[in-house]
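J.: No letters, just coordinates:
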């Protein structure tokens, strides 16, 4: 094969098995914010020392630039595979790309260049290398650091997902090489047929190789190709450039215009990476269509309050209590880390809750921003549906290796929370990875942390107040309860007190106390349903979980507790399954509590 630049696709195996869809593309949400998050996170994880840079630039190729691009990418061979994939009818975006470029459309390229980063280090077949992890390993992560943002090996699939042609070209100045630039390409298509035979969908672009089919191009040849493919990289810094061929938002049926793309990248970068950009050590700078004007979260409405919280935390400058808008307080929340299955005992530590009282109407108010070591916001936990009496606030939860002074316990918290993130890295919850790495009660420990944070936040922002007649009426509108206190199905006397309800993470949370006036064994049943305008139950909302200090069970979406005669009172807390936003915004809810003596 010599030094020829080729596209290589493996033949369909002897078994004849074929793949019609690209499973890695199905693993992630398709929205634009997720694309920006995953893109910047990949670079954020690869920063070597000091401040890394990520630069986004968009180009529509036509004329001579388009001709040079087609020649460099071996257009005729490349298009034969795209046409074969389009003929399967299994991926509309491929068909649209082929049809458009048969008519001579320009090609849109989004280039993402990171600087001050590791680059594509490692040999062609080194599965633990950056090169293999980014270009070849799908569902396979080479990231070993506990503080890295990604760990599932799926984030890089967003590049091909946002390419109409499923194609990404990589150029890199790796830190471990004296050969200057490295270039490689990949396309992800359905299995398909061309006039040369039947092929698997994963195609590799590079120098022809008997061993690998296609391998990396190095040195001057790589630099010349990179220039024509619009994926060149600064020779003054290590790092990687990524060129997404036929860049397109898969959630839209038509192209976004250039200004809209620029604005959306700028907004998403600021919204999710302000901790990395604005921290004292300034881990990251992001540029969009400019190398002189970085994204500035401190000038974004709503983010200024979060930036102020971070700066106050880093300076340890707090008020004693929340009295006026702009006051900031700090609470330290203890975290107990469960035992690790392989490493055994773990160290406990704390996380830092920082709360700012806000003005009415401020953007992003009543949200808690959570982040750990990579300083990417994992989640904005919205509390706007809290009961009457809440004051507007902004809050941050600083965890693990993002804390000011990192202890061994903080590193264990970091590792634990990393295991709690799903592939999208947008939540902390019980995951398959957590279950595989930690011993019971791992979910309870995570829930305990969340509950303590919730309790401290509620205590800080909820005002002690007499609701009065109108206040009680308003609270009733928000959470109308079905069964009146004391009402049962058997005539026995029970008192139901302190019942409350609020929304958290798209779920209704209800709690309350039950007291029996008579001795004996009894049973409590709790259910939740939507209510019509008259307060009548309309449709059951399944209870997904309950937090109780005694044995209980959930049957057909209802909580059932069998209580021994020596217990006359208990507290219950239940949460529904996740509900659509439309239900949360518009549906009133009934909490039905029934108690019966056995």
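T.: Cool, got the structure. Not measured: the values here are computed from a predicted model.
J.: Can you get me a residue count around the residue nearest to residue 217 when sequence neighbours are not counted?
T.: Residue nearest to residue 217 in three dimensions, not counting chain neighbours: residue 183, with 4.5 Å by CB to CB, 6 or more residues apart in numbering. (Each C-beta comes from the backbone N, C-alpha and C, glycine too.) By other CB atoms under 10 Å, 28 other residues sit near residue 183.
J.: Quick one: residues contacting residue 183.
T.: 169-172, 206, 216-218, 221-222, 225-226, 229, 231 (CB atoms under 8 Å, 6 or more residues apart in numbering).
J.: Now do the helix or strand where it lies, average pLDDT.
T.: Assigned by DSSP states H and E, residue 183 belongs to strand 182-188. Per-residue pLDDT over strand 182-188 has a mean of 96.
J.: same question, stretch 301-320
T.: On average, stretch 301-320 scores 95.
J.: Then stretch 432-440?
T.: 93.
J.: now what about that stretch, what contacts it?
T.: 151-152, 338-342, 416, 419-420, 442-443, 446.
J.: To be precise, which single item in the residues you listed has the lowest pLDDT?
T.: The lowest pLDDT within the contacts of stretch 432-440 belongs to residue 152, with 36.
J.: quick one: contacts of stretch 345-352?
T.: 313, 330-340, 397-400, 403, 407-413, 416, 449, 453.
J.: at 6 Å what do you get?
T.: For stretch 345-352, contacts defined as CB atoms under 6 Å, 6 or more residues apart in numbering pick out 332-337, 340, 397-399, 407-410, 412-413.
J.: Repeat that for stretch 309-328.
T.: 275, 278, 280, 329, 330, 354, 356, 357, 359, 396, 460.
J.: Any chance of those in JSON lines with neighbour count, pLDDT and distance to residue 304 as columns?
T.: Shown next, in JSON lines, are those (neighbours: other CB atoms under 10 Å; pLDDT from 0 to 100; distance: CB to CB, whole Å):
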{"residue": "275", "neighbour count": "24", "pLDDT": "97", "distance to residue 304": "14"}
{"residue": "278", "neighbour count": "22", "pLDDT": "96", "distance to residue 304": "10"}
{"residue": "280", "neighbour count": "10", "pLDDT": "89", "distance to residue 304": "17"}
{"residue": "329", "neighbour count": "19", "pLDDT": "98", "distance to residue 304": "18"}
{"residue": "330", "neighbour count": "16", "pLDDT": "98", "distance to residue 304": "19"}
{"residue": "354", "neighbour count": "22", "pLDDT": "98", "distance to residue 304": "15"}
{"residue": "356", "neighbour count": "23", "pLDDT": "97", "distance to residue 304": "10"}
{"residue": "357", "neighbour count": "22", "pLDDT": "95", "distance to residue 304": "15"}
{"residue": "359", "neighbour count": "10", "pLDDT": "88", "distance to residue 304": "12"}
{"residue": "396", "neighbour count": "26", "pLDDT": "98", "distance to residue 304": "13"}
{"residue": "460", "neighbour count": "17", "pLDDT": "93", "distance to residue 304": "20"}
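J.: picking up where we left off before, ok, and the most crowded of the contacts of stretch 432-440?
T.: The residue in the contacts of stretch 432-440 with the most neighbours, by other CB under 10 Å, is residue 416 (28 neighbours).
J.: tell me the contacts of it?
T.: When contacts are counted by CB under 6 Å, 6+ apart, residue 416 touches residue 337.
J.: re earlier: from the contacts of stretch 432-440, pick the one nearest residue 101.
T.: residue 152 (33.1 Å; CB to CB).
J.: what about residue 271, distance to residue 287?
T.: Separation of residue 271 from residue 287 (CB to CB, to the nearest Å) stands at 16 Å.
J.: One more: residue 393?
T.: Residue 393 is 32 Å from residue 287, by CB to CB.
J.: quick one: which of these two has more around it?
T.: Taking neighbours as other CB under 10 Å, residue 393 and residue 287 compare with residue 393 leading, 23 against 20.
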